[in-house]
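*Asks:* Need coordinates for the below:
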Amino acid sequence: MDINFTDKVVVITGAEGGIGSAMVKKFAKNGAQVAICDLNCKGDLEKELKENGNIVKSFSFTIENIKYQHLFEEK
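*Replies:* You can find the predicted model right below:
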């Protein structure tokens, strides 16, 4: 079953690994805007999905890294 995630933002940590990568692709396929988060994002997954018209952005950090906390704050 596919669920429509249009106009939704999804943050996936561990996104460049096997399960994380599959999750990123599935959410993007279903319309979500996806934040690809991993320790060392290479950008390959972001590039692949953007070529298919998906809205995605890669971030290299750990969720404990407080200097990136502003990425998740509501405005």
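*Asks:* For Leu49, what is the enclosing helix or strand?
*Replies:* Leu49 belongs to helix 44-51 when elements are defined using DSSP states H and E.
*Asks:* Check which helices and strands the helix or strand following that helix sits against.
*Replies:* Downstream of helix 44-51, the next assigned helix or strand under DSSP H and E is strand 56-60. Packed against strand 56-60 by the contact rule (3 or more C-beta pairs under 8 Å, 6 or more residues apart in numbering; DSSP states H and E) you find strand 33-38, helix 44-51. For the C-beta atoms, the positions are set from N, CA and C on the backbone; glycine is no exception.
*Asks:* what's in contact with strand 56-60?
*Replies:* If you take C-beta atoms under 8 Å, 6 or more residues apart in numbering as the criterion, strand 56-60 is touched by 15, 24, 28, 33-41, 43, 45-46, 49-50, 68, 71.
*Asks:* What strands flank it, and is each parallel or antiparallel?
*Replies:* Using DSSP bridges, strand 56-60 pairs in its sheet with strand 33-38 (parallel).
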